[in-house]
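Participant: Build the 3D model from these lines:
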Amino acid sequence: MSAVASESVAEKKSGFDLIAFGAILVTILFWASSFAVIRVCLGPLTPIELAAARYVSAGLLGAAYLLIVRPPLPSGRDFIRLGIAGVLFITVYAVLLNTGEQTVPAGPASFIINTMPVFTALIALMVLGERFGLWGWIGTAVSFGGVALIAAAADGDFSFDPNAVLILGAAICAAVASIMQKPLLKRFPALAVTAWIMLLGSIPLLPAVPATVKALAAAPAVVNWNVAYLVLFPTAIGYVTWAIALKRLPAGRAANFLYGVPPTATLIGFLWLGEAPTVAGLIGGGMAIFGVVIVNVMRGR
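Facilitator: Alright, predicted model coming up:
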């Protein structure tokens, strides 16, 4: 019996893949919670120190995985691609996001980050020559309009917050890294690619480790616990559960579930940090995600 037929039989018996569904739920919860946790840690830690605390630790976990599992080694060309993707997706992404979240609440930040598929489509248009179409441009305009509204209403007083642009830069870095990872994921296991990216991406943060250790020693215990949570749950476990979901579901179907991250992050930010979303912020967030939906559904038309 073919894999497709087996999957079809399994779906008829159970109606849905319980393991994949559980992995998706865990991923959404952990990734959504990271935006609020970052807000808690900023202050006692600078954006760079928080990035080092989170991703140097994650890089060590990645190194341990590579040493224990010993997946096939990448070629020199693939190693360079992994290094560039890692620096963009770990170092630059983390510093931009952390800096942006100094003033942008958790919910709006998550809506901005989730415009990444729009940038992925734009990069594919420029680099791969993929068709974009009128609806793609309309969706892009809607998403950018939503981000602009979030930036203008981040404090509820319609004064432009430049930190929202930094978070947008983080989304662009994630999109570029995703494009660079795509061919690697066809040749290597997803966990191996993730481990290499965590390891290589953490290297530029190593000079900040001494200052980070001092800052963590001086920080309240709650900050240290939150950093440990970031490393273990949204970073390590979140990537593993996402890899499980991608293995058991088509990539497009799995990615659609990630639309649940921004509203979940907004709810967590409200319940945990008391960050009540503004009406304009909710409208902007809705526009940002709706634009992504348009680009994904109507792309090429």
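
Participant: Low-confidence stretches in this protein?
Facilitator: Scanning the chain for pLDDT under 70 picks out the ranges 1-16, 128-132, 153-160, 250-256, 296, 298-301.

Participant: how about the strands of it, start to end?
Facilitator: With DSSP state E, there are no strands along the chain.

Participant: Now do the contacts for residue 24.
Facilitator: Going by Cβ atoms under 8 Å, 6 or more residues apart in numbering, residue 24 touches 241, 245, 249, 254, 257. All C-beta atoms are positioned from the backbone trio N, CA, C, and that covers glycine.

Participant: shouldn't the second one be in contact with residue 27?
Facilitator: Yes: shown here, residue 245 and residue 27 form a contact pair, counting by Cβ atoms under 8 Å, at 6.3 Å.

Participant: Find residues that contact each of those two.
Facilitator: Contacts common to residue 245 and residue 27, judged by Cβ under 8 Å, 6+ apart, are residue 257.

Participant: Can you tell me how far residue 73 is from residue 17?
Facilitator: Distance, residue 73 to residue 17, by Cβ to Cβ, to the nearest Å: 33 Å.

Participant: who's more crowded, those two?
Facilitator: Per other Cβ atoms under 10 Å, whichever of residue 73 and residue 17 has more neighbours is residue 17, with 16 against 11.

Participant: Would you list the buried entries among the contacts of residue 24?
Facilitator: Buried members of those, counted by 16 or more other Cβ atoms under 10 Å: 241, 245, 249, 254, 257.

Participant: so what's the third one closest to, chain neighbours aside?
Facilitator: What sits nearest to residue 249 in space, not counting adjacent residues and going by Cβ to Cβ, 6 or more residues apart in numbering, is residue 20, at 5.0 Å.

Participant: my read: that neighbour touches residue 248, true?
Facilitator: Yes: in terms of Cβ under 8 Å, residue 20 counts as a neighbour of residue 248; the distance is 4.0 Å.

Participant: neighbouring contacts of stretch 62-81?
Facilitator: With Cβ under 8 Å, 6+ apart, stretch 62-81 has contacts from 82, 180, 183-184, 187-189, 191-192, 194-199, 202.

Participant: Same check on stretch 184-204?
Facilitator: With Cβ under 8 Å, 6+ apart as the test, stretch 184-204 has contacts from 52, 55-56, 58-63, 65-66, 69, 71-72, 74, 78, 81-83, 85-91, 177, 181, 235, 239-240, 243, 246-247.

Participant: rerun at 7 Å
Facilitator: 55-56, 58-59, 62-63, 65-66, 71-72, 74, 78, 81-83, 85-87, 89-91, 181, 239, 243, 246 (Cβ atoms under 7 Å, 6 or more residues apart in numbering).

Participant: and that stretch, how far from the chain's centre?
Facilitator: Centroid separation for stretch 184-204 versus its chain: 15 Å, with Cα atoms, centre = their mean, to the nearest Å.

Participant: Please apply the same query to stretch 266-279.
Facilitator: Counting by Cα atoms, centre = their mean, stretch 266-279 comes out at 20 Å from the chain centroid.

Participant: Send me that stretch as CSV with only the CA atoms.
Facilitator: Provided in CSV are the C-alpha atoms of stretch 266-279 (Å, rounded to 0.1, in the frame of the first residue of the first chain):
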residue,chain,number,x,y,z
THR,A,266,-2.3,38.8,22.0
LEU,A,267,-4.3,36.8,24.6
ILE,A,268,-1.2,35.8,26.5
GLY,A,269,0.0,39.4,26.5
PHE,A,270,-3.3,40.5,27.9
LEU,A,271,-3.6,37.8,30.6
TRP,A,272,0.0,37.8,31.7
LEU,A,273,1.2,41.4,31.1
GLY,A,274,-2.0,43.3,31.1
GLU,A,275,-1.3,44.5,27.5
ALA,A,276,-4.9,45.4,26.4
PRO,A,277,-4.9,45.6,22.6
THR,A,278,-6.1,48.9,21.1
VAL,A,279,-8.9,48.9,18.5
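
Participant: Report the buried residues of it.
Facilitator: Buried, per 16+ other Cβ under 10 Å, within stretch 266-279: 266, 268-270, 273, 275, 277-278.

Participant: and if you look at stretch 71-80?
Facilitator: Neighbour-count burial for stretch 71-80 [16+ other Cβ under 10 Å]: 74, 78.
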